[in-house]
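> Coordinates for the following, if possible.
(chains A, B, C, D, E, F, G and H)
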There are 8 protein chains.
Amino acid sequence: MDRARLRQLLEQVERGELDVAAALERLSALPFHASASATLDTHRELRTGFPEAVYAAGKTPQQVAEAAAALACAHDRVLITRAAPDHYAAVRALLPAAAYRQPARCIIWRNGAATAPSGSVCVIAAGTSDLPVADEAAVTAEMLDAAVVRVTDVGVAGLHRLLSRLEALRKADALVVCAGMEGALPSAVGGLVSAPVIAVPTSVGYGASYGGLAALLAMLNSCAPGVAVVNIDNGFGAGLIAARIARAAAR
Amino acid sequence: MDRARLRQLLEQVERGELDVAAALERLSALPFHASASATLDTHRELRTGFPEAVYAAGKTPQQVAEAAAALACAHDRVLITRAAPDHYAAVRALLPAAAYRQPARCIIWRNGAATAPSGSVCVIAAGTSDLPVADEAAVTAEMLDAAVVRVTDVGVAGLHRLLSRLEALRKADALVVCAGMEGALPSAVGGLVSAPVIAVPTSVGYGASYGGLAALLAMLNSCAPGVAVVNIDNGFGAGLIAARIARAAAR
Amino acid sequence: MDRARLRQLLEQVERGELDVAAALERLSALPFHASASATLDTHRELRTGFPEAVYAAGKTPQQVAEAAAALACAHDRVLITRAAPDHYAAVRALLPAAAYRQPARCIIWRNGAATAPSGSVCVIAAGTSDLPVADEAAVTAEMLDAAVVRVTDVGVAGLHRLLSRLEALRKADALVVCAGMEGALPSAVGGLVSAPVIAVPTSVGYGASYGGLAALLAMLNSCAPGVAVVNIDNGFGAGLIAARIARAAAR
Amino acid sequence: MDRARLRQLLEQVERGELDVAAALERLSALPFHASASATLDTHRELRTGFPEAVYAAGKTPQQVAEAAAALACAHDRVLITRAAPDHYAAVRALLPAAAYRQPARCIIWRNGAATAPSGSVCVIAAGTSDLPVADEAAVTAEMLDAAVVRVTDVGVAGLHRLLSRLEALRKADALVVCAGMEGALPSAVGGLVSAPVIAVPTSVGYGASYGGLAALLAMLNSCAPGVAVVNIDNGFGAGLIAARIARAAAR
Amino acid sequence: MDRARLRQLLEQVERGELDVAAALERLSALPFHASASATLDTHRELRTGFPEAVYAAGKTPQQVAEAAAALACAHDRVLITRAAPDHYAAVRALLPAAAYRQPARCIIWRNGAATAPSGSVCVIAAGTSDLPVADEAAVTAEMLDAAVVRVTDVGVAGLHRLLSRLEALRKADALVVCAGMEGALPSAVGGLVSAPVIAVPTSVGYGASYGGLAALLAMLNSCAPGVAVVNIDNGFGAGLIAARIARAAAR
Amino acid sequence: MDRARLRQLLEQVERGELDVAAALERLSALPFHASASATLDTHRELRTGFPEAVYAAGKTPQQVAEAAAALACAHDRVLITRAAPDHYAAVRALLPAAAYRQPARCIIWRNGAATAPSGSVCVIAAGTSDLPVADEAAVTAEMLDAAVVRVTDVGVAGLHRLLSRLEALRKADALVVCAGMEGALPSAVGGLVSAPVIAVPTSVGYGASYGGLAALLAMLNSCAPGVAVVNIDNGFGAGLIAARIARAAAR
Amino acid sequence: MDRARLRQLLEQVERGELDVAAALERLSALPFHASASATLDTHRELRTGFPEAVYAAGKTPQQVAEAAAALACAHDRVLITRAAPDHYAAVRALLPAAAYRQPARCIIWRNGAATAPSGSVCVIAAGTSDLPVADEAAVTAEMLDAAVVRVTDVGVAGLHRLLSRLEALRKADALVVCAGMEGALPSAVGGLVSAPVIAVPTSVGYGASYGGLAALLAMLNSCAPGVAVVNIDNGFGAGLIAARIARAAAR
Amino acid sequence: MDRARLRQLLEQVERGELDVAAALERLSALPFHASASATLDTHRELRTGFPEAVYAAGKTPQQVAEAAAALACAHDRVLITRAAPDHYAAVRALLPAAAYRQPARCIIWRNGAATAPSGSVCVIAAGTSDLPVADEAAVTAEMLDAAVVRVTDVGVAGLHRLLSRLEALRKADALVVCAGMEGALPSAVGGLVSAPVIAVPTSVGYGASYGGLAALLAMLNSCAPGVAVVNIDNGFGAGLIAARIARAAAR
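So this is what the prediction gives:
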């Protein structure tokens, strides 16, 4: 139940359109909404500004679809990450308006038109292999009403590619930088901009990249201040925090 | 090198005013110098919003004092982190207005009065042993004109202490959460607020805390979205990014 | 070899009935055989309070079924962990009364009715993905005659969910807390109860969770006293030790 | 916030006594404050059965003494771990009845006579180098009113030493087993008793013992069920949980 | 666009065979060449002496074939590493002159005859399992015009095999040494020659080889000076740097 | 190059029969060729007492069969480890007398009758899951003419099982002890015997066993002297060294 | 009490020189001999062929001297490892015949003349920095009556040095090979001899040697069969097992 | 004995100025030159092109001075790395011409004037804290007759600083790039030049830099081809290999 609907309910009570008993009934179910597989936290949107997203990896299509439908009853938008095509098929059966976004591997659903953009986020991918993670960040930020600019294939081994996009970088309220292998890009970007940089190590690489560990350590040790890091391949987390920063900047 | 200059060069070759070898030399450096001269500047403050801070650990008092004096010529404020008392003595000899902040281990110097606060940052320390790191974050954020609220000793093993400070947490534009040992506090905080949370693992602990590694991994795996992480004990980095977020929110 | 037998041996040597070489041979094995024959027994159940459980992963259905049948001859209950459906099919062919418990992935068999509950165990899962491990703990504890209460989806990112179950937590004689990702839940629970908490890190997570390592380290560094830890995903071990604690408390 | 108060709030809105904005504010904090005020208390002793112990390492004598004096005002016993002789001197100046226990490195203080023992704990040290950790566990358990039996120098490389103490092991309500190097002792003990075993890896060893990591991993992988593990060198934690188990068994 | 073609273009302008507008058009597209999946850096050959190679692992045959065709438009040679047979089939459909080299798993394509060898590289494999990596290094070096000598199965456990090839080792301008397991071969080779040695740890081994980590650490700690190391299994990188060294030596 | 040859070379220079350049060339290769030609041989069996075994994992049946046939031409016995059934089929087609030993996963071939046993080896497996590794050790030792006694399922969690086999342990000239999980068995065995103990960590376990790392570290830190360790799952290496020890003892 | 003394006691009983009561008294104290700081295992020599050595590191001179004196009552030789000069001073006060061996850092004491050598051990040090560990191995082996040959500074980066000592290597019944950094020497030695090789990684090195981890991993992955490994810097353990092998070979 | 002196000796024999017996005497001592603490490999210069350097860390001033003097007898230059001032004092007493170079911590000694430069090396330090390592590389390269250009303080967080030195970078025959923290600089440099890049991770950093591990992994995973890596802080090794490359390029 989002803040708007809660306000609406209270106003109905104030205006006498809803009696106390009915309001009580609806409110007492508020923090918890039972589902088959979990107690979903529908109160989270009110508290932290975004409904729980569904992490589809390791869940069956049926489980994902039911969780999505439950969330759609209480919220005006739903985001499902790490979704495979069969997850999408099951979700679409229950929520026909759901869309499948690639290469982000995300399913998105909105009730009504998108809101006007609120702040801008620049999402950067060092190489094409980093695109699924970067796109997950971009789709997530868009679901939180950020205007997103995507910049791709600007790794540090070809600095001119990065420098040629300097204007786009400097316009953003927040930046998400996704890189695998040596994970050097956030340091280079952090030295060029004054907005916060959220770095996402990706598992792109082989041998001593250790599934993203090399990039993770590099980003944590960035010599450029203004860089914070999220978990390996966590495009969702980076997109969410970047969108929150951008929204605050746009207020 | 913009299109106009490129045309000019080609015309010189066409007219025989520039031989092929020289033209070749200038062209092979093309993608870098062009961008560099056009868009890069040598003033980091202008570019990234803050002058370089001096990291005093491992430097002699003399080296630190000289670096501080040099920065004070070009900027209106100077921040020195991880400073010992003898660093402070040396700095004060050159910059009498410098102050030593404890437990942050920071030396600060300002030319003129402080600016009006621009955005608010809440800096949280899980336990008293985390205070030096938390205070470094707080002093850094204050140097970037944030209004800082400090909250201490609210570890997850006593949730009522954290919940009793809920109001302070929810008012901040950005939060810095410092914790060692199991590093669980950012997850708890991240579930209570909608502003971005910057988590700082500290090296507080013993045995299998591995100098902050346990806390670092916990924070990277936080189940609460909206949490990004900086290096172990990096209060400076966390304070800087939090102040940038707060400043944007306050615009 | 007790004193009486030792005297007997020396007297035999004195009388010339035993030569020195033979006596020497018997004496060099002395400290072990003596203890072994006097105090050790071959029945683990008698000695440690529970028959060996069968760990089915990596074994063929035939191997598991034969082991189960052998145990069923000597004991009144049999527990098989990490069992797949084909393991169950093979076991049921030999032990028709066997039941398959999900999501615990356990096969259980009892000869006769269950005993009256002896002590209470609260088994907590941070999220739905932790349920298989938590249910393995619960089934194990029930096989040792504990009354088990299951609490699910109470991760630290939504503290109100945990606090709403406080009464259930405080009633238990022992608690098992299963969590992956940042593994923060045992610290929060440990601060709320006075009964022993057995923490189980699960391999739930991705990236820098390193298959449960992040949660394991967090739990070992818990700032809440009263928390001890078992191996990653070891629901069986946690359930067993919790049931032993509960049984003692119920005596 | 219970149902009654929620009804009251809605009725105030209905009557126009409370405007929507104020009601909204109170409702959004609802899930926490309700639980917090109803069920949480500020007295850890009441809640978890033991006052906070003071961890002296890294604190000044003055800081430790002040913390001890403050705790002594509110509780009938105080425990300070990892204390050096100068910590003790400072504490004794404020609390003359305080005693210093070696090799445990603990300072203890009691107001009044000791309580009658409540349950029994057997604390085992594999070798003499493990004694400081084992003694810390023993002193902690005694401070929680357990009757403690100490068994020393019974490493697995001399099994007869362990087997000769079998009776002492089997009489305990809970056991604490401290071992460094290969950390094998808890497995051997766990196969001999039916009471819970709390294993404490110690940092005793060199080379590939990695400061207790080898012992920690061995204990987590113990093939004997009924073994749970605490942090490296965490004698305090092991003693506390063992005493809690013993107390429950003695009720 | 390689240096030769660039010179050719400038000479055409100089001779008046190409007007400035047409030259400008061709040059302004120079640093970037759009493709479906990536902005390929066709300027890289000019800047760093070799066109980007295509890393086929994890790409579809179609993606690899398109990237190869795009590169073939701008360069006189193309190298594709970690290619499977289906990658080759797709590439050959677009570039019929492409060849598939085994055990290197490389696809190569040249426009015109090979250049005369420029410097010599000796590529050494400790055992037969290291051959795919060693051959990748050899094929790469050959693509950069090095004359390559291959030496195989000369592990340190049979020193006479290595010593019998001493002459070949000493004649090379640069050496590539590939070894898994204990990774000792580069140290032995480094003590025998005065040319630079590029060591490649391979993932050959099991157990505590940790996918090449043991060999990597051994090579980094080589007691023979003159040894530098590349990533695990990175035959391409080693071949490229060795060929650059050899080319310089042959000038 | 011995003194005589060196004198001869110098005399040739003195007589002008050898010019300085040629002499210089021969001298610079001196320290290696001299030793190599004088003392090294190309027959490993002669030099190290056993022909190369074939490690079948990762090789095709055809490759293994060809290697086996080649070795069978030069030696009177052939050992192939980590062999799958299809490896065996291919080998038997070329060497009809070859046998497949399970659970060792070894193919063995002998030309003529087995030699009389030469020394005794006791191979111990902690649990049934360790049997493939232990049997590989046993088969290897038998191929080197050791008399092998197998002892199984004697883990430290049931010490009476180990103690009941004490006689078998003490009779052996060398012992191989295979254990996964906490790897404690070699320490217990090492405290009971005076013959050398070769410890083999196995990859048996889950979670924090880290594929045998926990057992490996435990064995390296064994508090019982007389224990040396081989790689994880390296039954072959342990069997070979144990057989060498036993053979020496039997001379 | 060693085997010789035990035999002597039994013979006295047989001859009637000692009555049963007195013999019983002496024998019943046999497996344990109380000391202030430890229950020393004086029966160990009988059981495992060598008395417990004293590890001096971390013990006070007084503790070491008392332990040495206690062992000297029951055995004809005493070995103290990792001893500093002040340890030696304290021991010599109680045992004037004790000698201090450098660079081994060992104190040795013998009652009576040394026994005739029993088997030969070759102890090899890769470099001079490995000498303390190698000498500890040599002194230990000598204390177990092995004839020891020391070979030094024969690292793999100068193979001629190793090959020039081939004869010494091949004469030994067992070899101990100590090396830090890349730890390659045991592989080279293992390919040259047929006797067992005990490899000792040393903590010599810097950077990515990680205190001997690089050498340890290299040795565990040795491609030469016949190599087993002990803990980092564990010269004592290697010397002991090598002497046991040599003694068996010399029988 | 370097190649020049060897040639000189042979020429003396050829001219009859030196008789065979005397020459034999000098040559037979050739590969080994006894010293108190080590068999120094004076033949190494002939074989690998550079005399052994002395690594002073952990050696006494006396040991270092003696080693230096012994090397100075056989070679025309001596290099001592990681030397403290007291090492220098001891060396200068024996070799008055020795010089102490800072911040490299190197002692150098030459017999006669320096040779004409042979090839050029560019040594780059990311930050001022990397200077000791970079200077060690520079001094080493100079001792091998390379012309060295030093570039400092060009970290990736300020790309314009790096780009402004492009000309210096492109002129070098080989480059050494030293960086700590995130170790990103070699990737940026590798994308700008065609000469080989030797990357040196430094231990500069804190927290999750893990003593240079973060930089090491980043460099091994560099997305720029043409980059090879040496051990952490190994300026000597990097300088040596770079000088070898440069010398070959200058031939």
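
> Break down the stretch 101-250 of chain A into its strands, ranges please.
Ranges of strands within the stretch 101-250 of chain A are A:106-110, A:120-125, A:147-152, A:174-179, A:197-201, A:227-229, based on DSSP state E, counting those that start in this stretch.

> List the strands paired with the third one, with their directions.
In the sheet, strand A:147-152 lines up against strand A:120-125 (parallel) (DSSP bridges).

> Neighbours of the residue in the stretch 101-250 of chain A that chain G sits nearest to, how many?
With C-beta to the nearest C-beta, the shortest gap between the stretch 101-250 of chain A and chain G falls at residue A:208, namely 11.0 Å. Any C-beta I mention is one placed from the backbone N, CA and C, and that applies to glycine too. When neighbours are counted by other C-beta atoms under 10 Å in any protein chain shown, residue A:208 registers 26.

> Up against chain C, what does the stretch 101-250 of chain A have?
Proximity of the stretch 101-250 of chain A to chain C, by C-beta under 8 Å from any C-beta of the partner chain, involves residues A:201, A:203, A:211, A:212, A:213, A:216, A:231, A:232, A:233, A:234.

> The stretch 1-150 of chain A: helices as residue ranges?
Counting by DSSP state H, counting those that start in this stretch, the stretch 1-150 of chain A has helices at residues A:3-14, A:20-28, A:44-48, A:61-74, A:85-94, A:131-143.

> which helix is the longest one in chain A?
helix A:235-250 (DSSP state H).

> Please convert the strands of the stretch 101-250 of chain A to JSON lines, extending it with mean pLDDT.
Below are the strands of the stretch 101-250 of chain A laid out as JSON lines (pLDDT from 0 to 100):
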{"stretch": "strand A:106-110", "mean pLDDT": "95"}
{"stretch": "strand A:120-125", "mean pLDDT": "98"}
{"stretch": "strand A:147-152", "mean pLDDT": "96"}
{"stretch": "strand A:174-179", "mean pLDDT": "98"}
{"stretch": "strand A:197-201", "mean pLDDT": "98"}
{"stretch": "strand A:227-229", "mean pLDDT": "97"}
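
> Of these, which is nearest residue E:197?
strand A:174-179 (30.5 Å; C-beta to C-beta).

> can you count the residues close to residue A:86?
12.

> who's in contact with it?
Listed by C-beta atoms under 8 Å, 6 or more residues apart in numbering or on different chains, the contact partners of residue A:86 are residue A:61.

> Tell me where chain A is predicted with low confidence.
For chain A, residues meeting the criterion pLDDT under 70 lie at A:1-5, A:25-51.

> Looking from chain H, tell me which residue of the stretch 101-250 of chain A is nearest.
residue A:184 (3.2 Å).

> how about that residue, what does it touch?
So residue A:184 contacts A:156, A:218, H:156, H:182, H:183, H:184, H:187, H:188, H:218 (C-beta under 8 Å, 6+ apart).

> Could you do residue A:139 as well?
Here residue A:139 is in contact with A:79, A:101, A:104, A:106, A:108, A:239 (criterion: C-beta under 8 Å, 6+ apart).

> Quick one: those as TSV, columns for distance to chain D and neighbour count too.
Formatted as TSV, the contacts of residue A:139 follow (distance: C-beta to the nearest C-beta, whole Å; neighbours: other C-beta atoms under 10 Å in any protein chain shown):
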residue	distance to chain D	neighbour count
A:79	22	28
A:101	31	18
A:104	31	25
A:106	29	28
A:108	26	21
A:239	25	36
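
> Was I right to think residue A:148 contacts residue A:123?
Yes. With contact defined as C-beta atoms under 8 Å, residue A:148 reaches residue A:123; the gap is 5.9 Å.

> Tell me which of those two has more neighbours.
residue A:123 (32 against 23).

> is it true that that one touches residue A:147?
No. With contact defined as C-beta under 8 Å, residue A:123 does not count as touching residue A:147 (11.1 Å).

> phi, psi of the closest residue to chain C within the stretch 151-251 of chain A?
Closest approach of the stretch 151-251 of chain A to chain C (C-beta to the nearest C-beta) occurs at residue A:232, with a separation of 3.1 Å. In terms of degrees, to the nearest 10, the main-chain angles of residue A:232 are phi -50, psi 130.

> Look up how far residue C:233 lies from it.
21 Å (C-beta to C-beta, to the nearest Å).

> can you pull the contacts of whichever residue of chain A sits closest to chain F?
Proximity of chain A to chain F (C-beta to the nearest C-beta) peaks at residue A:210, 14.0 Å away. Taking C-beta under 8 Å, 6+ apart, we find residue A:210 in contact with residue H:217.

> cutoff 10 Å now
Applying C-beta atoms under 10 Å, 6 or more residues apart in numbering or on different chains to residue A:210 gives the contacts A:203, A:216, A:217, A:232, C:210, E:210, E:211, E:213, E:232, H:217, H:221.

> Next, count neighbours for the residue nearest to residue A:76 when sequence neighbours are not counted.
Nearest residue to residue A:76, sequence neighbours excluded (C-beta to C-beta, 6 or more residues apart in numbering or on different chains): residue A:111, at 4.4 Å. The criterion is other C-beta under 10 Å. On that basis, residue A:111 has 11 neighbouring residues.

> My guess is residue A:111 contacts residue A:75. True?
Yes. Residue A:111 lies in contact with residue A:75 (C-beta atoms under 10 Å); the separation is 7.9 Å.

> What sits closest to the residue nearest the centre of chain A if chain neighbours are left out?
For chain A, residue A:140 is the residue whose C-alpha lies nearest the centre (C-alpha atoms, centre = their mean; 2.8 Å). Excluding the flanking residues, the one nearest residue A:140 by C-beta to C-beta, 6+ apart is residue A:239, at 3.0 Å.

> And the one you found, how close does it get to residue A:200?
9 Å.

> residue in the stretch 151-251 of chain A nearest to chain D?
residue A:244 (17.2 Å).

> my guess is that residue meets residue B:226, correct?
Yes. Contact status for residue A:244 versus residue B:226: in contact at 6.2 Å, counting by C-beta under 10 Å.

> show me what contacts residue A:223?
A:187, A:190-191, H:126-127, H:155-158, H:179-185, H:204-205.

> I should have written residue A:208 there, sorry.
By C-beta under 10 Å, 6+ apart, the neighbours of residue A:208 are A:181, A:214, E:201, E:211-213, E:216, E:229-234, H:216-221, H:229.

> Nearest spatial neighbour of it, chain-adjacent residues omitted?
Per C-beta to C-beta, 6+ apart, closest to residue A:208 is residue H:220, 4.4 Å.
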